[in-house]
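Q: fold the stuff below for me.
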Amino acid sequence: ACFNELWRVCRHGRARAIVSAGAYVNKPGKHGLGRAFDLDAIFWNGSTFVTRNFNEYPEFYLGVEAILRKHFGVVLAYNYNRAHRDHFHIDDGIRVGFGTARSHTLFMQGVCHHMLGLRFRGNVDGQYGSGTRGALEEACREFRVATPLSTLANWTAFLDAAAQRGIGVRPTRRPADHSCVPHFGAGRTFH
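A: Numbering: from 1, shown residues only. Have a look, this model is predicted:
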């Protein structure tokens, strides 16, 4: 369901390949239960998304993360720690919803900073404080999303808005080769 939604929302449509470092791994935790998945990259015809390249296309990265967060309660991403710089870790260890845990806060701060250019006291640091709250309220106004985000409907609307901003819009075709036009303009691609 998660990937089907990603294909529906993403301007590139259905992917050619999904690269994973693993799902079931014989070790403790959600991987050991077969309830976790590590997403490393997605390949479309003409475009590539590699998770370790967050700094090259943060909006797109956060748009993908928004879709993942609609389907999985745990999403560990690039800024969470060094171990997750090269993949998303997703699992169903907690239910989907708004939270102020470090991984959720990093995502919300990233959306505020990278997608909306909002200034707030503090940094993208995973600390949920008054600066993050203020920026998040402004982001909700910008996205036209009702608050509080603690209701599942409002949280889902926030994620939908972030996904649309980061990865929405169907592919535009170039007349010469019929491949997708890079979202970031001339000279920039997902590699």
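Q: what sits closest to Ala146 if chain neighbours are left out?
A: Asn154 (5.0 Å; CB to CB, 6 or more residues apart in numbering). In short, each C-beta sits where N, CA and C put it, glycine included.
Q: OK, contacts around that neighbour?
A: By CB atoms under 8 Å, 6 or more residues apart in numbering, the residues touching Asn154 are 98, 145-148.
Q: what's the longest strand in the chain?
A: For the chain, the strand reaching the highest residue count under DSSP state E is reported as strand 36-44.
Q: beyond that strand, next helix or strand please.
A: strand 47-50 (DSSP states H and E).
Q: what about the residue nearest the centre of the chain, which helix or strand?
A: In the chain, the residue lying closest to the centroid (CA atoms, centre = their mean) is Glu65, at 1.5 Å. Per DSSP H and E: Glu65 is located in helix 58-71.
Q: what's the pLDDT at the residue nearest to the centre of the chain?
A: Reported pLDDT at Glu65 in the predicted model: 98.
Q: please apply the same query to Asp177.
A: 31.
Q: helices along this protein, start to end?
A: 2-9, 58-71, 102-110, 130-143, 152-167 (DSSP state H).
Q: tell me which of the ones you listed sits most buried.
A: Of all those, helix 58-71 carries the top mean neighbour count, a mean of 23, counting by mean count of other CB atoms under 10 Å.
Q: any idea how far that helix is from the chain center?
A: In terms of CA atoms, centre = their mean, to the nearest Å, the centre of helix 58-71 is found 2 Å from the chain centre.
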